[in-house]
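K.L.:
give me the fold of what follows.
(2 chains)
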Amino acid sequence: MKNQWIEFLYGRVTVKVSGKGIERFLNVLIRNGIHIWNVKRHGTETITFKMRLHDAKNIRFYARKSECSITFLRRSGIPFLFKRLLKNSGFLLGAGVFLLIILLLSNVIWGIEIKGAKPATEYKIRKELDKMGVKIGKVQFFVKNVEGIQRQLTNNIGDLTWIGVELNGTTYHLQAVEKNEPKKPENLSPQNLVAKKKATIVKMFIETGQPVVERNDHVEPGQILVSGVYGQEGNTELVAATGKVWGETWYKSNVKLPLITNFKVYNGKEKQKRSLLMGNWEIPIWGFGKPEFEKYETEKDVRKIHFLKWDLPISYVHKTIREREEFTREYTNEEAEKEALNLARKQIKSELDEDAIIKDEKILHKSTKNGKVILDIHFKIIENIAVGQPIFKETPE
Amino acid sequence: MAKKWGGRIRNWMANKMDLPQDVMMDLPRITMIGQIHVYIENHRGLLAFTDKELRLLLKQGQLLIKGSSFVIKTILPEEILLEGKIDQVMYITDNPGGKK
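P.N.:
Numbering: from 1, shown residues only, chains lettered A, B, ... in the order given. Coordinates of the predicted model:
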C-alpha cells in the first residue's frame, strides 16, 4: 500500500461515479495510470473512490468516453487546507494583529516611578523626563537608553546627587538621592580668623571681631588676623570673628604645551541606521548603504524587544555613525606662549576660590624643547586668606 | 499450435528450473489474510464489482470472489487489494464444470 501521507500532501478527492459500465470505466482509468483506491459500491449504479487531486483534471477526459457521470464529493489534503486557510485568512490576520498589538504594548512605557525624591524634586524630574520624551505611552525604542536618561537627569537637575534609573518590564523605576546641603551655622561658636597661607595683606573687610594685623603686613600661615576676643581689657567678650581678609599670595606654575597637536574630532556629519537583530542576523529597516565617510566611529544602541514579560531573541538596533576628522593644530612660538599662559591661568583659577583675582603674572623662564614650549610663571594672586579657627573656652584668654 | 507449444515449454521450464509458476505462466497470485483481505496479482481487469461480489478477468477464465461489505483498497493495472468479509474464491473457466 502506498504511503497515504504523500497523497495527503498533494491533495485527494473523493469521486462519485454513476451510470452503466462502471467497471469498464475503472479499468480504463487504471490502465492509464490513474491511481485510485477505496473503491466502494453504493447501490447498483454508483461507486465512490478516492484519487489524487493531480489526476482529477484528467478524469473528465475518460469519463466523456464512457457512459458514466462523475461528481466530486470530498476534497482533502494540504492544498484544500491551504485554500481554506486563505479563505479564513481573517482569523489568521486577527491572530497576527493580536500578537502584534501585544508585542507593541509590551514595548511601551507604562509607568514611571520615582522614589526617594521630595515632591518638588520629583516634579523637576518629571518635567525633565517629559523633555526627554520619557512619557507614559511612548515606545521604549525611541527614547534614550537607561544610561542616557541617568546622565541627563544627573546633569540637568542640580538637587540630585545621584539617580538610579532602572527599566523593569514596562516601568521605569527611578531611585533618587537628593543633595542635603548643610545649612550654614547661624550661631557660630567663638572663633578667630587666621591666615591660611603666606601673604601680604591688601584689604580687610571685617564684620565682627578685632583686627590684629594691618594693611601691608606680612603674615605667616596660622597667624591670627582677626581676634574673636572683643572689648576692653578685663571686660572681654568672646565672639565669632567673621569677615574677609584679602592678601596677596604668590604661586609658581610650570606649564608645557606642545606646538603641534593632533586631534580627532567629529565634524558633525552623521548617519543613522536602524535594524532588527536576530541572533547574528541583522535586518536593516532604515538607513541603507555604507557610510561614505573615510573615518568614522559607530555608536550602537541595542534594545531587546519584549513580549509580555519575556525578552525575545530579537533586538532593535540603532546605530549612529559619526564621521571623524583628524585635525592638526600648529602654534607659532608666540601663540604657544600665549596659550600656555592661558592654560596656566586656568590651572591656577581651578585651584583657587572663585573670588580670587589674578593681579599680576610674570614669566620667569621660557624654553622650547622637543617641540614643546615650557613656561615657568609666577602669579600674584589676591585672595581671601582668612579661615576660622575656633577659640576654646579652656584657653585662658 | 505455436501458442500451445510455447505454453508447454514454459510449463516445462517452470518445472525443471524451479521457477515460480505465476511468473512463468501468467497465473494469478492470490494472497489472503484470513477472511478480511485478498490480494490478487496478475489480473487482467475488473469485470464486476459490488459490495458482495468481485469478478476479475484473468488470462484464462475469471476469478469470482464472494462475501460482503467489499471495498477495493487499491487497484493497479495488474494488482488489486480487496477488503471486506470474504466467503468464497472461485475460478470460472470457459469449459463448463471447470470449477476449482
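
K.L.:
quick check: which ranges of chain A have low pLDDT?
P.N.:
A:1-3, A:181-188, A:233, A:393-397 (pLDDT under 70).

K.L.:
try chain B
P.N.:
Using pLDDT under 70, chain B drops low at B:1-3, B:94-100.

K.L.:
mind running it again at 90?
P.N.:
Low-confidence regions of chain B, defined here as pLDDT under 90, cover residues B:1-28, B:42, B:44-46, B:48, B:50-51, B:58-61, B:74-78, B:92-100.

K.L.:
which one's the longest helix in it?
P.N.:
As far as residue count goes, and with DSSP state H defining each element, the longest helix of chain B is helix B:2-17.

K.L.:
and that one, what's buried?
P.N.:
Residues of helix B:2-17 classed as buried under the neighbour-count rule (16 or more other C-beta atoms under 10 Å in any protein chain shown) are B:10, B:14. (Each C-beta comes from the backbone N, C-alpha and C, glycine too.)

K.L.:
from the contact counts, what lies against it?
P.N.:
Counting contacts by 3 or more C-beta pairs under 8 Å, 6 or more residues apart in numbering or on different chains; DSSP states H and E, helix B:2-17 packs against helix B:21-25.

K.L.:
mind checking how far the helix it packs on is from the chain centre?
P.N.:
Distance of helix B:21-25 from its chain centroid, counting by C-alpha atoms, centre = their mean, to the nearest Å, is 12 Å.

K.L.:
just the buried residues of it, please?
P.N.:
Under the neighbour-count criterion of 16+ other C-beta under 10 Å, helix B:21-25 has B:24-25 buried.

K.L.:
before we move on, back to that, list of residues touching the longest helix of chain B?
P.N.:
The contact list for helix B:2-17 (C-beta atoms under 8 Å, 6 or more residues apart in numbering or on different chains) reads B:19-21, B:24-25.

K.L.:
ok, stretch A:162-173 next?
P.N.:
Everything outside stretch A:162-173 that qualifies as a contact, by C-beta under 8 Å, 6+ apart, is A:106-113, A:115, A:125, A:134, A:140, A:146-147, A:149-150, A:153-154, A:157, A:174-177, A:306, A:309.

K.L.:
buried residues, it. List them.
P.N.:
Burial within stretch A:162-173, assessed by neighbour count using 16+ other C-beta under 10 Å, is assigned to A:163, A:165, A:167, A:170, A:172.

K.L.:
list just the nearest of those residues to chain B.
P.N.:
Ranked by distance to chain B (C-beta to the nearest C-beta), the buried residues of stretch A:162-173 are led by A:Thr170 at 59.8 Å.

K.L.:
for the residue nearest to A:Phe379 when sequence neighbours are not counted, give me its contacts.
P.N.:
Closest residue to A:Phe379 in three dimensions, ignoring its sequence neighbours and counting by C-beta to C-beta, 6 or more residues apart in numbering or on different chains: A:Tyr251, at 4.4 Å. Residues counted as contacts of A:Tyr251 (C-beta under 8 Å, 6+ apart) are A:348, A:351, A:378-379, A:381.

K.L.:
and these, which is closest to chain B?
P.N.:
For the contacts of A:Tyr251, with chain B as the reference and C-beta to the nearest C-beta as the criterion, the closest is A:Glu351, at 101.6 Å.

K.L.:
where's A:Gly111 relative to A:His173, distance?
P.N.:
For A:Gly111, the distance to A:His173 equals 9 Å [C-beta to C-beta, to the nearest Å].

K.L.:
equivalent analysis for B:Leu47, please.
P.N.:
B:Leu47 sits 86 Å away from A:His173 when distances are taken as C-beta to C-beta.

K.L.:
and what of A:Arg324?
P.N.:
For A:Arg324, the distance to A:His173 under the criterion C-beta to C-beta works out to 37 Å.

K.L.:
how about the nearest residue to the residue positioned nearest the centre of chain B, chain neighbours excluded?
P.N.:
By C-alpha atoms, centre = their mean, the mean C-alpha position of chain B lies nearest to B:Pro28, the distance being 3.9 Å. Excluding the flanking residues, the one nearest B:Pro28 by C-beta to C-beta, 6+ apart is B:Asn42, at 4.6 Å.

K.L.:
next, A:Arg215: secondary structure please.
P.N.:
Using DSSP: H, G, I helix; E, B strand; the rest coil, the secondary structure recorded for A:Arg215 is coil.

K.L.:
meant to ask about A:His365
P.N.:
Secondary structure assignment for A:His365 (three-state DSSP): strand.

K.L.:
am I right that it is in contact with A:Val373?
P.N.:
No: applying C-beta atoms under 8 Å, one finds A:His365 not in contact with A:Val373, separated by 11.2 Å.

K.L.:
which of those two has more residues huddled nearby?
P.N.:
In terms of neighbours (other C-beta atoms under 10 Å in any protein chain shown), A:Val373 is the more surrounded of A:His365 and A:Val373; the figures are 23 against 10.

K.L.:
what about that one, which helix or strand?
P.N.:
Element membership for A:Val373, per DSSP states H and E: strand A:372-384.
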